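Chemist: only the shape, not the letters, is given here:
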Ligand SMILES: Nc1ncnc2c1ncn2[C@@H]1O[C@H](COP(=O)(O)OP(=O)(O)OP(=O)(O)O)[C@@H](O)[C@H]1O
Ligand SMILES: O=P(O)(O)OC[C@H]1O[C@H](OP(=O)(O)OP(=O)(O)O)[C@H](O)[C@@H]1O
């Protein structure tokens, strides 16, 4: 209790002290929280968050972080109440299905952040008789993505109505009912709440353990940086975006250096073309050059094999701490 009284920060006081600070929404919990915070740390956005307070002033920029559920971030940014945000593309799509963007509302996607990769998939019991989403028409589907589910099944229902090959076994008149669940959606079929679900899949482990299989993909998602259509300080937004891009590129690429005889240079450059072009430096030893180039981290083992095959030697791979590239 004493600690609570000593640290008597409250949301209203913090809001009053925001002045002209740009507001940046960050997922307050869940799957995107840790990676988003790592991205801010890598971008040198320094803040101290008081216990339970969902606003934190950034020490080294005229910026304040607002910690919100990932699903609410498109609402705040879309209305221009918050300038920037990190959330999933699936959450943006869910919001925009309910509230289609206009010239002045809705969000602008600035950057793919390369984490939080998952698919929103229609799933049904593995041992059941349903093998296609059309067979779910007229049945019950549980999800946290009610707007995307409504749209997906309304579109399916309309397509079935218009299908001339449909010998109308009654499906065309049917309406699929969508049940809104807050979480643990994968339990809905086993517990008799729904015939199928619409839920996120990353590794597939949750789906497998629940005895479900995917029969269709509604959307593929990653975390994205979004901005509002009413940004107050575009130069600060650009600075923050450039820093975040630097951190992402540093995570995505490694620096590869190697030596090669000049006649083999052209073949080697085809293997490692770099982001713009490889840096080629003459070596003291006649006929040899050194190459320095950025390579996608996920391809580096294959690239090293191919370089060795092409005659490269002294291949070194180093981590990039940060970067600014076009
Ligand atoms: N298994 C996963 N792998 C990768 N990304 C995921 C995964 N599950 C969710 N995400 C991404 O993280 C976002 C937030 O999902 P999460 O389940 O963490 O929500 P949350 O903020 O905890 O909210 P709640 O649990 O209240 O629905 C999703 O919209 C999606 O973009
Ligand atoms: O394919 P997987 O790697 O198993 O991940 C998929 C699971 O992750 C998410 O749920 P989360 O664990 O965040 O909890 P929730 O069910 O409460 O949303 C999602 O809703 C799936 O249930």
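Modeler: That came through, no problem. Because the structure is a prediction, the values reported are computed rather than measured. Residues are numbered from 1 along each chain as shown. Ligands and ions are numbered 1, 2, ... in the order given.

Chemist: for the residue of the chain most remote from its centre, give me the pLDDT.
Modeler: For the chain, the largest distance from the centre (CA atoms, centre = their mean) belongs to residue 286, which lies 48.4 Å off. Here the pLDDT value assigned to residue 286 is 91.

Chemist: could you report the separation of it from residue 231?
Modeler: Distance, residue 286 to residue 231, by CB to CB, to the nearest Å: 56 Å. Every residue, glycine included, has its C-beta placed from N, CA and C.

Chemist: and ligand 2, is stretch 17-28 touching that?
Modeler: No - applying CB under 6 Å from any ligand atom, one finds stretch 17-28 separated from ligand 2 by no less than 11.4 Å.

Chemist: can you give me phi and psi for the closest residue to residue 145 other than its chain neighbours?
Modeler: Nearest residue to residue 145 in three dimensions, chain neighbours excluded: residue 94, at 5.1 Å (CB to CB, 6 or more residues apart in numbering). For residue 94, the backbone dihedrals are phi -60, psi -40 (criterion: degrees, to the nearest 10).

Chemist: likewise for the one 4 residues further on?
Modeler: Main-chain torsions, residue 98, degrees, to the nearest 10: phi -80, psi -40.

Chemist: now swap in residue 260 and tell me
Modeler: phi -160, psi 150.

Chemist: so what's it bridging to?
Modeler: residue 289 (DSSP bridges).

Chemist: hmm, it is touching residue 309, no?
Modeler: No - checked against CB atoms under 8 Å, the pair residue 260 and residue 309 is beyond contact range at 11.8 Å.

Chemist: so the two - more neighbours on which side?
Modeler: residue 260 (24 against 10; other CB atoms under 10 Å).

Chemist: show me what contacts the more buried one?
Modeler: 268, 288-289, 291, 307, 310-313 (CB atoms under 8 Å, 6 or more residues apart in numbering).

Chemist: swap in residue 25?
Modeler: By CB under 8 Å, 6+ apart, the contact set of residue 25 is 65-68, 73, 76-77, 82, 84-87.

Chemist: what sits closest to it if chain neighbours are left out?
Modeler: Nearest one to residue 25, counting by CB to CB, 6+ apart, is residue 85 at 3.7 Å.

Chemist: the one helix or strand the one you found maps to vs ligand 2: in contact?
Modeler: Assigned by DSSP states H and E, residue 85 falls within strand 84-88. No - on the criterion CB under 6 Å from any ligand atom, strand 84-88 is out of touch with ligand 2, staying 10.8 Å away.

Chemist: confirm residue 128 sits in a helix?
Modeler: No - Residue 128 sits outside any helix when classified using DSSP: H, G, I helix; E, B strand; the rest coil, being coil.

Chemist: which one among the contacts of residue 25 gets closest to ligand 2?
Modeler: Nearest to ligand 2 among the contacts of residue 25 is residue 87, at 14.1 Å by CB to the nearest ligand atom.

Chemist: which ones are touching the residue nearest to residue 25?
Modeler: Applying CB under 8 Å, 6+ apart, the residues near residue 85 are 24-26, 68, 73-74, 76-77, 107, 225-227.

Chemist: what's the closest non-adjacent residue to residue 176?
Modeler: residue 153 (4.0 Å).

Chemist: if anything else comes up later, I'll come back, but that's it for now.
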